[in-house]
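Novice: Provided below are the primary sequence and the corresponding predicted coordinates.
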Amino acid sequence: MEIIVKTSLGIFFFCVLMVFPLSLFGAAFLIYNQDARANGMGFAAISSINNPSAVFYNPAMLVYGKGFGASIGDTIIIPDTSYEDPQSGVKTHAKSKTHHLPNLFVKYTHPNLSFGIGVFSPFGLSTEWPQGWPGRYENTFAEIRTTFVNPSMAFKINDYVSFGVGVSYVKSTVEFKNAINLSALGLPDGLAKLKGEGDGFGYNAGATFRLPREYTLSFTYRSPVEIGYDGKARFYLPSPLASSYTGAYTRLTLPFIAAAGIAKTIGPLVIEADILYTGWSSMSSYRVSSDNGQANRFVYKNWSNTPSFMIGANYLVNRSIELRCGYMYDKSPVTNSTIGPELPDSTRNILTFGGTYRKGGFAIDMGYQATFFEKTDSLTSISGPRGRYNNFAHLILFGVTYTQ
């Protein structure tokens, strides 16, 4: 029983690391899809975002646009994930599930000072595999639910320079399930069901410079966030073994996010290119402690910081209609030696497009994203079965903005 508890808790917190936050659409587990307009431009938006979602992308942009504004939106994610056994060639598909990531942003500007707040879920997906699949002892279900509350303020020094800052309170819960191998005892598989929750604080900042010839240059930074997790593990075991539970704890540091972007306005056309740099080295290791000491361990992940590159264009057809498109190259920090079924991550090529219809004070934004993952092979059995993971994802985004 001691071995079962220790192994299952170790797996649990390995998956907390990999699933927190679980994502399909940013390197490792960062979701950058917080606004349909920004998404339609391939996420190249920190120098041209013109709605309240600037709270997330670049608070310094809040001051460009007077008065009150509010937006609400949803990102609908439809992933397709599979695992291919290297010996038999048999494919196992993760269970199909549609995910929703809602967001809400509000801001008020008068005249050179702006206040805003955002409530959004950048980390909130799940992965579920069939119960009898080859990696069931590592993972059958993993889910993360996260809420960010991010008040911000911005001020414009003059017509050319603005700055913005914000703070974030982060509340998160995670749930994980895996089968327990009891074949050595001549018994059917047991089940480990684990839940944990934690919270933390962070900050973000941005600066925007309006340059000659209709250029805009911006820089943003979102700080690391340290999360302390309190977890409880329940083990459901067949007779004659007794079911039980115990507590376990870990502390993780979400990576910093730094971005630089430049936009050029050419009449009705805006073109922007951004670089996103994510400090994944903060997640390169973690330590686990438990009530009874049986799950104490240290794990080294060897993740490295990664860049992503984005480019997008927005065209104003007339006063009511805008069209846009974009591309993102999103590099993954996860190595082939640490990839696992809870986060079968790989480098992505992302294509996006969308549009806006504006009527009076209302604007309706729509967008679509196709996410092409490079095929990736798990080279060791440390994080799950050896084999090839394949991924593809459709995203549909919509948002409604009101300005006054």
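Specialist: That came through, no problem.

Novice: pretty sure F115 is in a strand, no?
Specialist: Yes: according to DSSP: H, G, I helix; E, B strand; the rest coil, F115 belongs to a strand.

Novice: how about it, what does it touch?
Specialist: 62, 107-109, 151-153 (Cβ atoms under 8 Å, 6 or more residues apart in numbering). All C-beta atoms are positioned from the backbone trio N, CA, C, and that covers glycine.

Novice: Compute the distance between the residue nearest to P111 when sequence neighbours are not counted and K156, please.
Specialist: Sequence neighbours aside, K66 is the residue nearest to P111 in space, at 6.9 Å (criterion: Cβ to Cβ, 6 or more residues apart in numbering). Counting by Cβ to Cβ, to the nearest Å, the gap from K66 to K156 is 11 Å.

Novice: Those two: who's more crowded?
Specialist: K156 (21 against 14; other Cβ atoms under 10 Å).

Novice: quick one on the thing from earlier: nearest to N51, of the contacts of F115?
Specialist: Of all those, N51 sits closest to K107, with 8.6 Å by Cβ to Cβ.

Novice: what does the average pLDDT come to for stretch 108-125?
Specialist: Computed over stretch 108-125, the mean pLDDT rounds to 89.

Novice: Apologies, that question was intended for stretch 348-359.
Specialist: On average, stretch 348-359 scores 96.

Novice: At which residues are the helices of the chain located?
Specialist: Counting by DSSP state H, the chain has these helices, from start to end: 2-19, 36-40, 54-57.

Novice: Low-confidence regions, the stretch 201-350 of the chain specifically.
Specialist: In the predicted model of the stretch 201-350 of the chain, residues 293-297, 299-300, 338, 340, 342-343 satisfy pLDDT under 70.

Novice: where among the helices of the chain is the average confidence lowest?
Specialist: Taking the mean pLDDT of the helices of the chain, helix 2-19 comes last: a mean of 38.

Novice: Please tell me how far the closest residue to D199 other than its chain neighbours sits from N51.
Specialist: The spatially closest residue to D199, leaving aside those adjacent along the chain, is K171, at 4.9 Å (Cβ to Cβ, 6+ apart). K171 sits 25 Å away from N51, going by Cβ to Cβ.

Novice: Those two: which is more packed in?
Specialist: Comparing K171 with N51 by neighbour count (other Cβ under 10 Å), the higher total belongs to N51, at 28 against 14.

Novice: and V270, what does it touch?
Specialist: By Cβ under 8 Å, 6+ apart, the neighbours of V270 are 48, 263-264, 313-315.

Novice: Burial check on the nearest residue to it once chain neighbours are set aside, number of neighbours?
Specialist: With sequence-adjacent residues excluded and distances taken as Cβ to Cβ, 6+ apart, V270 is closest to N314, at 4.6 Å. Number of residues near N314 (other Cβ under 10 Å) recorded here: 26.

Novice: Also E175?
Specialist: 18.

Novice: Give the bridge partners for it, please.
Specialist: E143, K195 (DSSP bridges).

Novice: mind starting the numbering at 52 from now?
Specialist: With 52 as the first residue, the last one maps to E226.

Novice: Read off the pLDDT value for it.
Specialist: 82.

Novice: Could you measure from it over to W331?
Specialist: Counting by Cβ to Cβ, the gap from E226 to W331 is 24 Å.

Novice: Isn't Q182 up against K228?
Specialist: No: the criterion here is Cβ atoms under 8 Å, and Q182 misses it with K228 at 9.4 Å.

Novice: shared neighbours of the two, which are they?
Specialist: T191.

Novice: Now for the residue nearest to P162: which residues touch it?
Specialist: Per Cβ under 8 Å, 6+ apart, neighbours of K117: 160-162.

Novice: can you give me the strands for the stretch 252-401 of the chain?
Specialist: In the stretch 252-401 of the chain, the strands defined using DSSP state E, counting those that start in this stretch lie at 266-273, 276-287, 295-305, 308-317, 320-329, 336-341, 348-351, 357-367, 372-381, 399-410.

Novice: Distance from the chain centre to the second one, please.
Specialist: What it means is strand 276-287. Relative to the mean C-alpha coordinate of its chain, strand 276-287 is positioned 20 Å out (Cα atoms, centre = their mean, to the nearest Å).

Novice: Which secondary structure elements does it sit against?
Specialist: helix 53-70, strand 212-231, strand 241-262, strand 295-305 (3 or more Cβ pairs under 8 Å, 6 or more residues apart in numbering; DSSP states H and E).

Novice: Output stretch 161-179 in CSV with nothing but the alpha carbons.
Specialist: Listed next in CSV are the C-alpha coordinates belonging to stretch 161-179 (Å, rounded to 0.1, in the frame of the first residue of the first chain):
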residue,chain,number,x,y,z
HIS,A,161,-10.8,60.2,-18.9
PRO,A,162,-8.9,62.0,-20.3
ASN,A,163,-5.4,60.6,-20.1
LEU,A,164,-5.9,58.2,-17.3
SER,A,165,-7.6,54.8,-17.7
PHE,A,166,-8.8,52.1,-15.4
GLY,A,167,-9.7,48.5,-16.4
ILE,A,168,-10.3,45.1,-15.1
GLY,A,169,-10.3,41.7,-16.7
VAL,A,170,-11.7,38.3,-15.5
PHE,A,171,-10.5,35.5,-17.7
SER,A,172,-9.5,31.8,-17.8
PRO,A,173,-6.2,31.5,-19.6
PHE,A,174,-5.7,28.0,-18.2
GLY,A,175,-8.8,25.8,-18.2
LEU,A,176,-8.9,22.6,-20.3
SER,A,177,-8.9,18.8,-19.7
THR,A,178,-7.6,15.6,-21.3
GLU,A,179,-9.3,12.3,-20.9
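
Novice: in it, what's buried?
Specialist: 165-179 (16 or more other Cβ atoms under 10 Å).

Novice: One more: stretch 442-450?
Specialist: 442, 444, 446-448, 450.

Novice: Quick check: bridge partners of A364?
Specialist: According to DSSP bridges, beta-bridge pairing links A364 with I322, C376.
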